[in-house]
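# Pasting the sequence and the predicted model now:
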Amino acid sequence: MAIHITADPASDALLTRDPLALLIGMLLDQQVPMETAFSGPQKLRDRLGGFDAALIAGTEPERFVELMRETPAVHRYPGSMGARTQALCQHLLDEWGGDAAAVWTRANADGSAPDGAGILRRLKALPGFGEQKARIFLALLGKQCGLDAPGWREASAPYGEPGAHRSVADITSPESLALVRAAKKAAKAAAKSER
């Protein structure tokens, strides 16, 4: 399955083939447009000359912030998001042997395959991933990356709902991006009117 989030073929290709890129894109998806967040991994790959958890975690922090800050910036908050990106990669090294996909594919201690609720718990344990971000990412895995873990839709609710246009998990084209933006705008307006 191919990811189509950024409208940039190189960025989308990296997201499609590299689980770490997809995870970092999701981490960066706050306070910037989705396309900016998910094109961040390609910018980092170009600037680092490679792309893996060890390289990112092992880059000197001040240098990493400078790479985040280079024009065009990876994120509008290069310091805090750079630190979060490096913390995520260090966690992946420490807990998952540097393999991002292991978070949702590695068997449980008893040898059983992880279910949706178990994957959600694993995602929430990642630095920078709260409840909502973890649910959205789980929905992205199920809707666009072929994850077939039992209960993934329920664990990712409401983002796993078929036919929804709530989040990046639902973006597969420019048209679906417009629908997601409209839904987010409507949700913000509704929340504002409730205050």
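Done, it's in.

# Next up, the contacts around the residue nearest in space to the middle of the chain.
Nearest to the mean C-alpha position of the chain, by C-alpha atoms, centre = their mean, lies residue 26 at 2.0 Å. Taking C-beta atoms under 8 Å, 6 or more residues apart in numbering, we find residue 26 in contact with 37, 38, 129, 133, 136, 137, 140, 168. Backbone N, C-alpha and C define where each C-beta goes, glycine included.

# Any chance of these in CSV with pLDDT as columns?
As requested, these are arranged in CSV below (pLDDT from 0 to 100):
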residue, pLDDT
37, 97
38, 97
129, 97
133, 97
136, 97
137, 98
140, 97
168, 94
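
# element containing the residue nearest to the centre of the chain, please.
Using DSSP states H and E, residue 26 sits in helix 19-28.

# Ok, residue 136 next?
helix 131-144.

# immediately after that helix, which helix or strand?
Once helix 131-144 ends, the next helix or strand along the chain (criterion: DSSP H and E) is helix 152-155.

# Measure how buried the residue lying closest to residue 131 once chain neighbours are set aside is and give me the count.
Leaving aside its chain neighbours, residue 131 sits nearest to residue 124 (6.4 Å; criterion: C-beta to C-beta, 6 or more residues apart in numbering). Residue 124 has 15 neighbours, counted by other C-beta atoms under 10 Å.

# Over to residue 161?
15.

# so how far is residue 98 from it?
Noted for residue 161: a distance of 33 Å to residue 98, by C-beta to C-beta, to the nearest Å.

# Repeat that for residue 52.
Relative to residue 98, residue 52 is positioned 7 Å away (C-beta to C-beta).

# quick revisit: ok, which pair from the contacts of residue 26 is furthest apart?
For the contacts of residue 26, the maximum inter-member distance is 15.4 Å, found between 38 and 129 (C-beta to C-beta).

# neighbour-wise, which of the two wins?
The neighbour count for residue 38 versus residue 129, taken as other C-beta under 10 Å, is higher for residue 38 (28 against 23).
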